[in-house]
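Asker: Give me a model of this one.
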Amino acid sequence: MRIAIFSDTYTPEINGVARTLKRYTNFLERNGIEYKLFVPDSSSPVPAVPQVKRFTSIPFLLYPECRIALPNPLEVKQALEDFKPTLIHVATPFNLGLYGLHYGKKHNIPMVASYHTHFDDYLQYYHLTFLKNWIWKYMTWFHRSFDRVFVPSLSTKQKLLSQDVHHDIDVWGRGVNHTFFSPIKRTNTIRDRFKIKERKILLYVGRIAPEKDIQVVLDTFHRLPEKTKRDTHLFIVGDGPLLKQLSEKADPQITWAGFMEGEELALVYASSDIFLFPSSTETFGNVVLEAQSSGLPVIGAKAGGVQHLICDTENGFLCESKNVQEFVEKSTILLEDLHLRRHFGRNARQFALSQSWEKIFTQLVGSFSDVLQKRKQITA
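Answerer: Numbering: from 1, shown residues only. Below you'll find the model as predicted:
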């Protein structure tokens, strides 16, 4: 199996899709599966890697972390002819994805696509809802020619089926590094470093952007009962278009930590008490799984991929999207009940332990083999 992968985001860009694709290519390398990756250049300098071809790019309007590549068609064509892929995997439906689709159709190569982002849900946050019908028409046209489409969660599969995007849709879930994100990393160094005096930390990790419902996080904190709020610190990790505006008003009980990754982020997860994540636009919710692996109960939106990770009243709470009052009530319950908080946290950790990257990628490659076998039967 030789896989040509086309994506408009990849490391070192910081988002769930880029990180998932990096783990995916690491898995392919460990298992001796050849691949060639076609991605945009990065906003940060990166070392050249033989398997990775990068192209000049510009930021995408709705999602600046996802860049629109401006590839040289002759260069891409030559690289593909040299590599001779047996399968094409398109991860994003933009310029590079279009080229991968075109090449696969022209040369009758089996093709799969993976769908990662609900761009239609983003439109309402940027006052572009008039584009919704156009986006779904484009998505349906784009995915029509693939042998199979992979999605991160069951709710995403149901959404694509309801829009008649494709008939053969498979769930490609996500995993977490249980050793790296672990409750044993709980420490007071985070409190000391950021001068946190309150006994409990309410944590948010994610993009500081409208589509993440970041305002719900702030409103939930500010509307906590006075006694509960007095003993709670809101810790916000992430970068994005709203960071400067929202962090301008100083509040000693709110820490805007900016972008964090690696060991520093793992320590923050483990040293917090509750993870608050109201985003209703997720196809999966990687940060939720990272928080759960760190032993945190999660309060999230009963929408998108997040609802499949939180078992309501067992490892956290699910709230109706954008219902600040419900988020306040559930946050208050957990902030005031140490026993319940710890019980949910243990259950969250146990759930995360069942989500193995190795198992997930093994199933994905097995599904690729099934696609190739079916194509052989059709052409035989």
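Asker: Does Tyr122 touch Glu282 like I think?
Answerer: No - look at Tyr122 against Glu282 with CB atoms under 8 Å: they stay out of range, at 11.4 Å. Quick note: C-beta positions are derived from backbone N, CA and C, even for glycine.
Asker: Compare neighbour counts for those two and give me the winner.
Answerer: The residue with more neighbours, out of Tyr122 and Glu282, is Glu282; 30 against 18, by other CB atoms under 10 Å.
Asker: Leaving aside the residues adjacent along the chain, what's closest to the more buried one?
Answerer: Gly304 (4.3 Å; CB to CB, 6 or more residues apart in numbering).
Asker: The one you found is in contact with Leu154, isn't it?
Answerer: No - using CB under 8 Å, Gly304 makes no contact with Leu154, being 10.6 Å away.
Asker: Looking at the two, which is more packed in?
Answerer: Legend: neighbour count by other CB under 10 Å for Gly304 and Leu154, higher for Gly304 (23 against 13).
Asker: Compute the distance between that one and Gly285, please.
Answerer: From Gly304 across to Gly285, the span is 7 Å (CB to CB, to the nearest Å).
Asker: overlap in contacts of these two?
Answerer: Ser279 (CB atoms under 8 Å, 6 or more residues apart in numbering).
Asker: and the residue nearest to Glu282, what does it touch?
Answerer: 118, 121, 153, 155-156, 279-283, 285.
Asker: so after the helix or strand bottoming out on mean pLDDT in the chain, what's the next helix or strand?
Answerer: Here the helix or strand of the chain ranked lowest by mean pLDDT, DSSP states H and E is strand 63-69, holding a mean of 65. From strand 63-69 onward toward the C-terminus, using DSSP states H and E, the following helix or strand is helix 73-83.
Asker: tell me which strands and helices that following helix is in contact with?
Answerer: strand 2-6, strand 34-40, strand 52-55, helix 95-106 (3 or more CB pairs under 8 Å, 6 or more residues apart in numbering; DSSP states H and E).
Asker: any idea which of those scores lowest on pLDDT?
Answerer: Lowest mean pLDDT of the helices and strands packed on helix 73-83: strand 52-55, a mean of 88.
Asker: Dump it to CSV, restricted to CA.
Answerer: What follows is strand 52-55, C-alpha atoms only, in CSV (Å, rounded to 0.1, in the frame of the first residue of the first chain):
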residue,chain,number,x,y,z
VAL,A,52,6.5,15.7,2.7
LYS,A,53,6.0,18.2,-0.2
ARG,A,54,5.1,21.7,0.8
PHE,A,55,3.7,24.5,-1.3
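Asker: Check which helices and strands that strand sits against.
Answerer: Counting by 3+ CB pairs under 8 Å, 6+ apart, strand 52-55 packs on strand 34-40, helix 73-83.
Asker: residue boundaries of the strands in the stretch 51-200 of the chain?
Answerer: Assigned by DSSP state E, counting those that start in this stretch, the stretch 51-200 of the chain shows strands spanning 52-55, 57-60, 63-69, 87-90, 111-114, 148-151, 169-171, 200-205.
Asker: Keeping just the C-alphas, turn stretch 278-285 into PDB.
Answerer: The C-alpha coordinates for stretch 278-285 follow below in PDB (Å, rounded to 0.1, in the frame of the first residue of the first chain):
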ATOM      1  CA  PRO A 278     -19.100  24.500  25.500                       C
ATOM      2  CA  SER A 279     -18.200  24.400  21.800                       C
ATOM      3  CA  SER A 280     -21.100  22.900  19.700                       C
ATOM      4  CA  THR A 281     -19.200  22.900  16.300                       C
ATOM      5  CA  GLU A 282     -16.800  20.000  17.000                       C
ATOM      6  CA  THR A 283     -16.600  16.900  14.800                       C
ATOM      7  CA  PHE A 284     -14.800  15.200  17.600                       C
ATOM      8  CA  GLY A 285     -13.200  17.300  20.400                       C
END
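Asker: So, low pLDDT: which residues of the stretch 1-150 of the chain?
Answerer: 43, 45, 60-67, 120, 127 (pLDDT under 70).
Asker: can I get the helices and strands packed on helix 73-83 in a markdown table with mean neighbour count and distance to Lys359?
Answerer: Below are these laid out as a markdown table (neighbours: other CB atoms under 10 Å; distance: least, CB to CB, whole Å):
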| stretch | mean neighbour count | distance to Lys359 |
| --- | --- | --- |
| strand 2-6 | 23 | 19 |
| strand 34-40 | 22 | 20 |
| strand 52-55 | 19 | 26 |
| helix 95-106 | 19 | 27 |
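Asker: want to try CSV for these, with distance to Leu131 as columns?
Answerer: Shown next, in CSV, are the helices and strands packed on helix 73-83 (distance: least, CB to CB, whole Å):
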stretch, distance to Leu131
strand 2-6, 23
strand 34-40, 22
strand 52-55, 26
helix 95-106, 18
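Asker: which one of the ones you listed lies closest to Phe344?
Answerer: strand 2-6 (37.8 Å; CB to CB).
Asker: which helices and strands does the closest one pack with?
Answerer: Looks like strand 2-6 contacts helix 16-30, strand 34-40, helix 73-83, strand 87-90, helix 95-106 (3+ CB pairs under 8 Å, 6+ apart).
Asker: And those: which comes nearest Thr140?
Answerer: Here helix 95-106 is closest among the helices and strands packed on strand 2-6 (CB to CB), at 13.4 Å.
Asker: Look at Val112 and say how many residues are nearby.
Answerer: Using other CB under 10 Å: Val112 sits among 24 other residues.
Asker: beta partners for it?
Answerer: On the basis of DSSP bridges, Val112 is bridged to His89, Arg148.
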